[in-house]
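Asker: Turn this into a model:
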Amino acid sequence: MKTIIIGGVAGGASAAARLRRLKEDAEIIILERGEYVSFANCGLPYYIGGVIADRNDLTLQTPESFKAKFNIDVRVNNEAIKISPETKTVMIKNLKTGETYEESYDTLILSPGAEPIRPNIEGIDSDIVFTLRNISDTVKIKNYVDSAKPKSAVVVGGGYIGVEMAENLKEAGLDVSIVELADHLIAPLDFDMAADVHNYIGSKGVHLYLNNGVKAINGDTVILQNGEIRTDMVLMSVGVRPETSLAKACGINTNPRGSIIVDRRMQTNIPDIYAVGDAAEVQNFITKEAAFIPLAGPANKQGRIAADNIAGFESEYTGTQGSSVLKLFDMTVAATGLSEKAAKAEGIDYDKTYIYSASHASYYPGGTSMAIKALWDKNTLKMIGAQIIGFEGVDKRMDVLAAAIRFGAKITDLAELELCYAPPFGSAKDPVNMLGFVAENIVSGKVKQFFWHDVEKLPRDGSVTLLDTRTAVETVDGRIEGFVNIPLEFLRAHLHEIPKDKPVYVHCYSGLRSYIACRILSGNGYDCYNLAGGWKFYKSVKTAYRD
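Answerer: From the prediction side, this is the model:
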């Protein structure tokens, strides 16, 4: 059996190694048009920022190591230029010699990945404009930073790569601006959760231009839809698209976005041809709809599944839920499943909550607070998404939530999880448990919520009671118009001043004391609503940084 794999990064490399482990007698050839194979895409920004000092550390395997360890023939600088399914052959061009030659195959795996989108704007081909996809791009950017000594940079696009590049260019000493067409950075987040990111990145000196786009690049000036920025370099990071022209040309079915359509075995419409990674269409694990979710983890899993099926072991890919994590200076941003925006677009009848919880026991030094947002289906109570913004311990909590979603957990099941506890690592009531406790209170009707986006709509005509249960000292930080301050510890003594025939809307700093206040009020016959996330979340959203 002879298998040719087109593309030697992530899915392609994973498929090759897996296939060799399953079929010692198979002939396996990897064709990679670039200079490197099996490199760490996700580490590229950190080489530019100097965190990864040695470029060789980005290369997980080389053609020589693939040959020595796996007996796999890896041909870098060799580009597949034509696939002929009827003869089961691939036409290949050696990019160093210009020679073209043909190879036959029994099975073929396509793993060409996705390419950066280059918008059709004036100045896009300027020498100061860069994109980041592979090690060659990384070296080009690194050499420019080291030799030209730019003092400023504009990153166009606020997705994961854009934000990571902004951080690393800032760490390299540049004055950095991010231009983003949407109203917030990092698309998997909702606007309200991104507010903390905006405030934090602003505190690090990175300039944000949101709800804004680039019209042209004129010399050293980036001309925006609203305003302009003078800069020494531009990094385009406005998204990627599947690189599937080769697949389309040989009759492989693609969707309107251009992604290769595959079944759950990663097989295309043409027998013996498989597709994996960013070029392949996936099924959204939550909605079961076709999706484009380019991530390294799913790409590796898909490569393994394609190899399994080629080797005769039945294996299926069950969908991508979009679990992701981002380092932003000292901050950690993580998400999984659907955002609120995505849930609305799908017409899902969902509920949500926000909590603030400490990364470890409050009495143990060094703890920090993390903001957590969770979404669940109202009808089934199954979790459909989560987002966390914080510092220490964000990644491990998100991994628990991602696993819970994958195995169909209800939001209330989180209360039952028995998680590891010691003061340096967590609390006896872990943030994940706390999320379950809060959701259980909501689902069971023990507490009713209102949200930051409801605050302005609340009447100030006396028809409802608006109550702030923070301490007097805390109110110095700011107040919400119309809310009367009665600190929690004095609430029982002032109940006679609060009319029982009107709904009471309560907030505190984070939502915990106001929840206690609501239980006091409910126990005394009041109709009470608690502000999810409290003053802290409300203020973050309302004062989110932007230039």
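Asker: which non-adjacent residue is nearest Ser126?
Answerer: With CB to CB, 6 or more residues apart in numbering as the criterion, Ser126 has its nearest non-adjacent residue at 5.5 Å, and that residue is Ile217. Placement of C-beta: from N, CA and C, glycine included.
Asker: looking at this, the one you found is in a strand?
Answerer: Yes - with DSSP: H, G, I helix; E, B strand; the rest coil as the criterion, Ile217 is assigned to a strand.
Asker: residues contacting it?
Answerer: 121-124, 126, 128-129, 223, 234 (CB atoms under 8 Å, 6 or more residues apart in numbering).
Asker: Let's see that with 10 Å instead.
Answerer: 121-126, 128-129, 154, 156, 223, 231, 234, 236 (CB atoms under 10 Å, 6 or more residues apart in numbering).
Asker: And these, which of them are buried?
Answerer: 121, 123, 128-129, 154, 156, 231, 234, 236 (16 or more other CB atoms under 10 Å).
Asker: Switch the residues you listed over to TSV; also include distance to Cys250, pLDDT and secondary structure.
Answerer: Formatted as TSV, these follow (distance: CB to CB, whole Å; pLDDT from 0 to 100; DSSP: H, G, I helix; E, B strand; the rest coil):
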residue	distance to Cys250	pLDDT	secondary structure
Ile121	32	94	coil
Gly123	36	95	coil
Ile128	38	95	coil
Val129	33	95	strand
Val154	39	97	strand
Val156	34	97	strand
Thr231	42	97	coil
Val234	36	96	strand
Met236	30	95	strand
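Asker: From those residues, pick the one nearest Asn269.
Answerer: Met236 (33.3 Å; CB to CB).
Asker: Run through the bridge partners of the closest one.
Answerer: Under DSSP bridges, the beta-bridge partners of Met236 are Val156.
Asker: my read: it touches Val156, true?
Answerer: Yes - assessed by CB atoms under 10 Å, Met236 is found in contact with Val156 at 5.1 Å.
Asker: any residues in contact with both of these two?
Answerer: Joint contacts of Met236 and Val156 (CB under 10 Å, 6+ apart) are 119, 121, 129, 131, 162, 214, 217.
Asker: measure Trp535 to Val276 for me?
Answerer: Applying CB to CB, to the nearest Å, the value for Trp535 to Val276 is 47 Å.
Asker: What segments of this structure are helices?
Answerer: Ranges of helices in the chain, per DSSP state H, are 11-22, 44-48, 63-70, 135-148, 160-171, 191-203, 245-249, 296-310, 340-345, 394-406, 431-443, 512-523, 534-542.
Asker: burial measure for Gly43, as a count.
Answerer: 17 (other CB atoms under 10 Å).
Asker: for Phe407, that is, sorry about that
Answerer: Neighbours of Phe407 under the rule other CB under 10 Å: 9.
Asker: Asn226 now?
Answerer: For Asn226, using other CB under 10 Å, the count is 9.
Asker: What of Gly50?
Answerer: Gly50 has 14 nearby residues by other CB under 10 Å.
Asker: Correct me if wrong: it contacts Glu167.
Answerer: No - using CB under 10 Å as the test, Gly50 is too far from Glu167 to be in contact (11.6 Å).
Asker: Which two among the buried ones among the contacts of Ile217 are spaced furthest apart?
Answerer: Ile121 and Thr231 (14.8 Å).
Asker: that older thread, relative to Tyr101, which of the helices of the chain is closest?
Answerer: Of these, nearest to Tyr101 by CB to CB is helix 245-249, at 16.4 Å.
Asker: Reformat the contacts of Ile217 as TSV; add distance to Gly113.
Answerer: Formatted as TSV, these follow (distance: CB to CB, whole Å):
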residue	distance to Gly113
Ile121	24
Glu122	28
Gly123	26
Ile124	21
Asp125	22
Ser126	25
Ile128	25
Val129	21
Val154	25
Val156	21
Ile223	31
Thr231	28
Val234	23
Met236	17
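Asker: Quickly name whichever of the residues you listed is closest to Glu32.
Answerer: Once CB to CB is applied, the member of the contacts of Ile217 that ends up nearest Glu32 is Met236, at 23.5 Å.
Asker: Can I get the helix or strand bottoming out on mean pLDDT in the chain in CSV? Just the C-alpha atoms.
Answerer: For the chain, scoring each helix and strand by mean pLDDT, DSSP states H and E identifies helix 44-48 as the least confident one, at a mean of 84. Extracted in CSV, the C-alpha atoms of helix 44-48 (Å, rounded to 0.1, in the frame of the first residue of the first chain):
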residue,chain,number,x,y,z
LEU,A,44,5.6,31.3,15.6
PRO,A,45,4.6,34.6,17.3
TYR,A,46,6.8,33.7,20.3
TYR,A,47,9.9,33.4,18.1
ILE,A,48,9.3,36.9,16.8
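Asker: who touches the residue nearest to the spatial centre of the chain in this structure?
Answerer: Centrality entry for the chain: nearest residue to the mean C-alpha point is Ser324, 4.2 Å, by CA atoms, centre = their mean. By CB under 10 Å, 6+ apart, the contact set of Ser324 is 160, 186, 188-189, 293, 295-297, 333-336, 398, 402.
Asker: Show me where the stretch 1-150 of the chain dips below the pLDDT cut-off.
Answerer: By pLDDT under 70, the stretch 1-150 of the chain has no low-scoring segment.
Asker: just the stretch 151-300 of the chain next, same as before
Answerer: For the stretch 151-300 of the chain (pLDDT under 70), the answer is none.
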